[in-house]
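Participant: Pasting a predicted model and its sequence here:
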Amino acid sequence: MINDEMRQKLIGSAAEVRKWAYAPYSKYAVGAALLTASGRIYDGVNIENAAYTDGICAERVAIFKAVSEGEREFIAIAVVTSNGGSPCGSCRQVMSEFGLKTIVIIADEHGKVIDETSVEGLLPGAFLPGDLPR
Ligand code: THU
């Protein structure tokens, strides 16, 4: 669980960074803010590319920034878009690598919470590290 102050902080951070989204093709700016067990918040935006498939989502940018700084335990991630769109399948899979209990807060550009769930809720039956044969 996270308290309301932290929920608002994460939504605010995700909303704030949307201005840095590089989305000249879709024009769909996405901001994410990830709270780790260390108490730090890592933000991310979607970054598109002229070679369309080479773009990356905001959630994965935030997660990869955190992991590349040694973080492994995530508490919650907020995702903010104009209309409260839901994280894509690839982002759900990347989230699942670091824990099914991570809270996922989905909000729109007005800060309205559209959904609050967990990675497990978004990706039941995820393929996990333990599924790989030793
Ligand atoms: N996008 C994200 O950043 N996160 C998601 O979970 C869904 C989609 C981005 C990718 C692309 O830059 C734009 O939104 C339109 O799909």
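Facilitator: On my side now, so go ahead.

Participant: how about the residues of the chain near the ligand?
Facilitator: Taking CB under 6 Å from any ligand atom as the test, the list of the chain residues beside the ligand reads 23, 26, 28, 30, 46, 48, 55, 57-59, 87-88, 91. Glycine gets a C-beta too; all of them are placed from N, C-alpha and C.

Participant: Which positions within the helix ranked longest in the chain qualify as buried?
Facilitator: Of all the segments of type helix in the chain, defined by DSSP state H, the longest one is helix 4-17. Judged by neighbour count (16 or more other CB atoms under 10 Å), helix 4-17 contains these buried residues: Met6, Arg7, Gln8, Lys9, Leu10, Ile11, Gly12, Ser13, Ala14, Ala15, Val17.

Participant: host element of the closest residue in space to the third one that isn't next to it in sequence?
Facilitator: By the measure of CB to CB, 6 or more residues apart in numbering, the closest residue to Gln8 outside its immediate chain neighbours is Gly111, 7.7 Å from it. Under the criterion of DSSP states H and E, Gly111 resides outside all helices and strands.

Participant: Is the spatially most central residue of the chain in a helix, a strand, or coil?
Facilitator: By CA atoms, centre = their mean, the chain has its centre lying nearest to Glu59, at 3.1 Å. Under DSSP: H, G, I helix; E, B strand; the rest coil, the three-state class of Glu59 is helix.

Participant: And the pLDDT for it?
Facilitator: On the pLDDT scale, Glu59 is placed at 99.

Participant: Leaving out sequence neighbours, find the closest residue to it.
Facilitator: Glu59 sits nearest to Cys91 (CB to CB, 6+ apart), 4.0 Å away.

Participant: Thought Val61 was touching the one you found, still the case?
Facilitator: No. Look at Cys91 against Val61 with CB atoms under 8 Å: they stay out of range, at 9.9 Å.

Participant: Neighbour count: these two, which is higher?
Facilitator: Cys91 (26 against 23; other CB atoms under 10 Å).

Participant: which stretch of helix or strand covers the more buried one?
Facilitator: helix 89-97.
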